[in-house]
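Asker: Here's my sequence, what's the structure:
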Amino acid sequence: MRAILANRGITAILIFILVGHSGQARQLALQPESEQSPFVLSVVPTSSHAEPAGRIISMIKPSPRPFYVVLTNISKDSQAAFESSNSWGYQTISFEIQTADGHKSIVTMEEHGFRANAPTTFTIPAGEHMVYPITLDRQWEIAPPLPVANDIRITIKAIYEVKPTPESAKAHVWTGRVESKSYDFNLEER
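Answerer: All right, here's what the predicted structure looks like:
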């Protein structure tokens with residue numbers, strides 16, 4: 001009985017040390033392992049140059065150039081992700097944008113119907129990636145709208161979110177939310 005209580009005490013002390021050490025350690029210590037994300041998310045700009053042009057995301061009309069969101073599997077096991085060609089995967093990527101003057105917008109894919117719809121998945125092996133080419137065109141909603149300008153400085157964060165559904169459970173697709181770090185880019189609009 002003393003050994004059990006001693007082990008619980010050591011566990012409590014370790015959790016206390018981890019919680020006090022950093023916010024990230026707190027999150028890891030308090031989440032069961034099954035709830036931790038197997039993914040990290042990153043954003044690759046349309047183009048990247050030395051200043052003054054800097055790193056750019058394009059919204060040039062009528063044909064914006066793509067940038068990329070990279071979903072990386074950091075777990076030891078293969079992970080399934082819904083393909084963006086079906087309703088389960090179509091809106092899994094979104095963005096939070098903030099301009100230099102503090103204006104904040106959320107960018108999401110517009111709702112649309114699917115003629116043929118099946119919960120198809122893409123398998124991401126351990127240490128590998130799924131790449132989403134993103135073209136900020138009329139299929140994307142920006143709310144509230146961004147200020148109109150030719151080139152504005154923005155901070156952008158990508159979000160990958162999959163909600164629990166019977167299909168995600170059946171296909172063994174991880175559900176939850178992952179955010180990228182914040183990136184400083186120039187938004188090229190015309």
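Asker: For Ser168, which three-state class applies?
Answerer: The three-state label given to Ser168 by DSSP: H, G, I helix; E, B strand; the rest coil is helix.
Asker: Could you do Asp137 as well?
Answerer: coil.
Asker: With Gln98 instead?
Answerer: strand.
Asker: How about the contacts made by Ser168?
Answerer: Phe82, Trp88, Pro119, Val162, Thr175 (Cβ atoms under 8 Å, 6 or more residues apart in numbering). Bear in mind the C-beta positions are built from the backbone N, C-alpha and C, glycine included.
Asker: go on, Thr72?
Answerer: Counting by Cβ under 8 Å, 6+ apart, Thr72 touches Phe39, Val40, Leu41, Ser42, Ile124, Gly127, Glu128, His129.
Asker: now for the lengthiest strand in the chain, which elements pack on it?
Answerer: Across the chain, the longest stretch assigned as strand under DSSP state E is strand 151-162. Applying 3 or more Cβ pairs under 8 Å, 6 or more residues apart in numbering; DSSP states H and E, one finds that strand 151-162 contacts strand 39-44, strand 67-73, strand 93-99, strand 176-179, strand 183-189.
Asker: Show me which positions of that strand end up buried.
Answerer: Across strand 151-162, burial judged by 16 or more other Cβ atoms under 10 Å covers Ile152, Ile154, Ile156, Lys157, Ala158, Ile159, Tyr160, Val162.
Asker: Surely the last one is in contact with Ala171?
Answerer: No - using Cβ atoms under 8 Å as the test, Val162 is too far from Ala171 to be in contact (10.5 Å).
Asker: Show me the one of the helices and strands packed on strand 151-162 that comes nearest Ile56.
Answerer: Judged by Cβ to Cβ, the one of those that comes nearest to Ile56 is strand 183-189, at 4.9 Å.
Asker: Output the helices and strands packed on strand 151-162 in a markdown table; the columns should cover mean pLDDT and distance to Met59.
Answerer: Converted to a markdown table, the helices and strands packed on strand 151-162 look like this (pLDDT from 0 to 100; distance: least, Cβ to Cβ, whole Å):
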| stretch | mean pLDDT | distance to Met59 |
| --- | --- | --- |
| strand 39-44 | 95 | 14 |
| strand 67-73 | 96 | 10 |
| strand 93-99 | 95 | 11 |
| strand 176-179 | 97 | 21 |
| strand 183-189 | 83 | 5 |
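Asker: Could you dump those strands into TSV and include distance to Gln139?
Answerer: Converted to TSV, those look like this (distance: least, Cβ to Cβ, whole Å):
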stretch	distance to Gln139
strand 39-44	18
strand 67-73	15
strand 93-99	12
strand 176-179	22
strand 183-189	16
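Asker: returning to that earlier point: could you list the residues in contact with the longest strand of the chain?
Answerer: 39, 41-43, 57, 69, 71, 81-82, 88-89, 92-100, 146, 168, 173-189.
Asker: Same check on stretch 87-107?
Answerer: Residues from elsewhere that reach stretch 87-107 (Cβ under 8 Å, 6+ apart): 69, 81-84, 108-109, 111-112, 114, 117, 119, 132, 134, 136, 140-147, 152-162, 165, 167-168, 173, 187.
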